[in-house]
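# Here's my sequence, what's the structure:
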Amino acid sequence: MGIENETREFFVRIIQSISMVLLWMMLNVFFGLYKELAYFSPHPQWMSYLYYILSIAGLVYVFLYVKRKWKL
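Residues are numbered from 1 along each chain as shown. Just a heads-up that it's a prediction; the model follows:
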């Protein structure tokens, strides 16, 4: 008397999508705010540019991952 396979797969898909988005957000908060890579004051550093490039690339990857995950 367990959970049906389709229902289980649906919930796993939801959890995987949410966890991927939260992981991307936590990494951006950590490196952007705590390591102060999101700030350009007083002068922009090359690490700030790298942070923004990797952040946008990560966002694209997360978007494609979730889109592929929910493709029926």
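# show me the contacts for the residue nearest the centre of the chain.
Centroid-nearest residue in the chain: Trp24, 2.4 Å away (criterion: CA atoms, centre = their mean). Trp24 is in contact with Gly58, Leu59, Val62, counting by CB atoms under 8 Å, 6 or more residues apart in numbering. Where you see a C-beta, it was placed from the backbone N, CA and C, and this is true even at glycine.
# Could you say which helix or strand holds it?
Assigned by DSSP states H and E, Trp24 belongs to helix 5-29.
# From the chain's centroid, how far away is that helix?
10 Å (CA atoms, centre = their mean, to the nearest Å).
# List the buried residues for stretch 31-38?
Buried residues in stretch 31-38, counted by 16 or more other CB atoms under 10 Å: Phe31, Gly32, Leu37.
# picking up where we left off before, residues of the helix holding Trp24 that come out buried?
Under the neighbour-count criterion of 16+ other CB under 10 Å, helix 5-29 has Ser17, Met20, Trp24, Asn28 buried.
# Take those and lay them out in a markdown table including distance to Lys67.
Shown next, in a markdown table, are these (distance: CB to CB, whole Å):
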| residue | distance to Lys67 |
| --- | --- |
| Ser17 | 10 |
| Met20 | 11 |
| Trp24 | 14 |
| Asn28 | 20 |
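# Please identify which of those is nearest to Asn5.
Relative to Asn5, the closest of those is Ser17; by CB to CB it sits at 18.6 Å.
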